[in-house]
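# Dropping the sequence and predicted coords here.
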Amino acid sequence: MKILIINGAPRNNGYTEDLLALFTTGAVVAGGRVEQIDLRDYDVRPCAGCFHCWDPKHDGRCSRNDDMAMLMEKFLDSDALVLATPVYYYSFSALIKAFLERLLPTSLPIITQGGEIGLERNTERYPDRGPDRAALVAVGAHRNPKTMDGLVKTFELICDGIYAKPVGKLLRSESFFLDFDAGKPITGRKVRMAFERAGAELVREGCFSAQTESDASLPFTRDLETFRRNSATYWQIAREIGAGGNDREQLGAAVSKDLRILAHELAACYDPVAAGDLEAVILFDFQGEEADNWYLTIDKGRCAASGGTHQSPTLTLETTEETLVEIILQRLDARTALASGDMKATGSRSLLGRFSRIFPPPST
Ligand SMILES: Cc1cc2nc3c(=O)[nH]c(=O)nc-3n(C[C@H](O)[C@H](O)[C@H](O)COP(=O)(O)O)c2cc1C
């Protein structure tokens, strides 16, 4: 199977690019032939709306002289089309939009209502050419998948118009969380595996399975409040380190170990069954400004993280932010940190002994 990926991401180091790389790996390992066109590297201007290509004298040629003629050949030569786009204003990026507009020569040179909805493929000019199936890869930063509804609908209408069967959609919201999935490492892995599996499924089965589509869309945040808080922290850190959203490596590393996110993730790991009827306050004292401290309040089967200090904690853990981060990420055991002197505990020792049972590693 010849798969043509049309990538409409304007930036080359984004999440669309990463996820497409996984997709391609899966497809190639399964025996597919994949060509990826990064539209940002080509000159494809929007349709001029002149209907030059519909004039029989021009035999489907466009009035514009740019890279689309060459890309049209690739399109016509492919068995499967993958439209990959970052979600821009609830829709395709402008790069993809321009590419799609330039498919006009493949449509019948007449606007009828003969087809289901609108444009109909010109099967006289291209009787046996062009992809007979198409898939969508959409990557957006918002949380609510509904922001992709318009994009998905447009994709389906396009499939109808080019006579390609829609064979799958990988809809990835919360894109920025791919770089700091510390609170949900299992979800991060499942999402990445789903993109790779989708490539293989397209080659072997001709479509994506429901499980793969669902795994690709697994939520990274528990609820809207967590999304808002973590997202706000992300952009706050971007401003603090002056990285902007584009230096993903630096930003991802900084965000992954930021307690403004991790303290809440630790609270979310709280196991009320292991805690029983525990009522306690655990203060993390970093021996600096009190405002930089964090504490966990455990009460009535719930646990919440708060920034700042507490006057009467049940247990105080004096440590550094780095050590606490290692403990939260389960790379360091609290008892080992105590034994080595990296952490000092005052207050309830029994609570300390229960720490790793009350806060088990994230299960999602
Ligand atoms: C101009 C612009 C408009 C955007 N509009 C949306 C949107 O409507 N919905 C959404 O979920 N994300 C939106 N985003 C966020 C991008 O989809 C997100 O940053 C995505 O990760 C970009 O893909 P990339 O990482 O491959 O660059 C927008 C970003 C930009 C720059």
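Perfect, I can see it now. Numbering: from 1, shown residues only.

# what stretches of the chain score poorly on pLDDT?
111-117, 181-183, 243-245 (pLDDT under 70).

# Which residues of it lie near the ligand?
9, 11, 14-17, 86-90, 139-142, 147, 175 (C-beta under 6 Å from any ligand atom). C-beta here means a position set from N, CA and C on the backbone, and glycine is covered the same way.

# Now, of those residues, which are buried?
Among these, those buried by neighbour count (16 or more other C-beta atoms under 10 Å) are 9, 14-17, 86-88, 139-141, 147, 175.

# So which of the residues you listed sit within strands?
86, 139 (DSSP state E).

# Same list (the buried ones among the residues of the chain next to the ligand) but as CSV, adding distance to residue 100.
Below are those laid out as CSV (distance: C-beta to C-beta, whole Å):
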residue, distance to residue 100
9, 15
14, 20
15, 22
16, 17
17, 20
86, 15
87, 15
88, 14
139, 18
140, 18
141, 22
147, 20
175, 22
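
# how about the buried ones among the residues of the chain next to the ligand, which pair is most distant?
17 and 147 (20.6 Å; C-beta to C-beta).

# quick one, helices of the stretch 1-150 of the chain?
For the stretch 1-150 of the chain, the helices defined by DSSP state H, counting those that start in this stretch occupy 15-29, 68-77, 94-101, 149-162.

# nearest to residue 313, of the ones you listed?
Of all the helices of the stretch 1-150 of the chain, helix 15-29 sits nearest to residue 313, with 40.0 Å by C-beta to C-beta.

# same for that closest one, what does it pack against?
Applying 3 or more C-beta pairs under 8 Å, 6 or more residues apart in numbering; DSSP states H and E, we find helix 15-29 packed against strand 2-7, strand 33-38, strand 80-86, strand 133-139, strand 165-172, helix 185-204.

# could the ones you listed go into TSV alongside distance to residue 358?
TSV is the format used below for the helices and strands packed on helix 15-29 (distance: least, C-beta to C-beta, whole Å):
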stretch	distance to residue 358
strand 2-7	46
strand 33-38	47
strand 80-86	40
strand 133-139	36
strand 165-172	33
helix 185-204	19
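
# so which residue of the stretch 151-300 of the chain comes closest to the ligand?
Using C-beta to the nearest ligand atom, the single residue of the stretch 151-300 of the chain nearest to the ligand is residue 175, 3.4 Å away.

# what's the distance between residue 74 and the ligand?
Residue 74 sits 22 Å away from the ligand when distances are taken as C-beta to the nearest ligand atom, to the nearest Å.

# my guess is that residue meets residue 39, correct?
No: using C-beta atoms under 8 Å, residue 74 is not in contact with residue 39; the gap is 11.9 Å.

# and those two? which has more neighbours close in?
Set residue 74 next to residue 39 and count neighbours by other C-beta atoms under 10 Å: residue 39 wins out with 22 against 14.

# Show the contacting residues for residue 2.
Under the criterion of C-beta atoms under 8 Å, 6 or more residues apart in numbering, the contact partners of residue 2 comprise 32, 33, 35, 77, 78, 79, 80.

# Contacts only, for residue 105.
53, 54, 60, 61, 62, 72, 122, 125.

# which of those residues are buried?
Listed as buried from these are 53, 54, 60, 62, 72, 122; burial here means 16+ other C-beta under 10 Å.

# Go ahead and list the helix or strand containing residue 356.
helix 349-358 (DSSP states H and E).

# send the alpha carbons of that helix over as CSV?
What follows is helix 349-358, C-alpha atoms only, in CSV (Å, rounded to 0.1, in the frame of the first residue of the first chain):
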residue,chain,number,x,y,z
ARG,A,349,7.0,8.4,61.8
SER,A,350,4.2,5.9,61.3
LEU,A,351,2.7,8.1,58.6
LEU,A,352,6.1,8.2,57.0
GLY,A,353,6.2,4.4,57.0
ARG,A,354,2.8,4.4,55.1
PHE,A,355,3.8,7.0,52.6
SER,A,356,4.4,4.8,49.6
ARG,A,357,1.3,2.8,50.2
ILE,A,358,-0.9,5.9,50.6
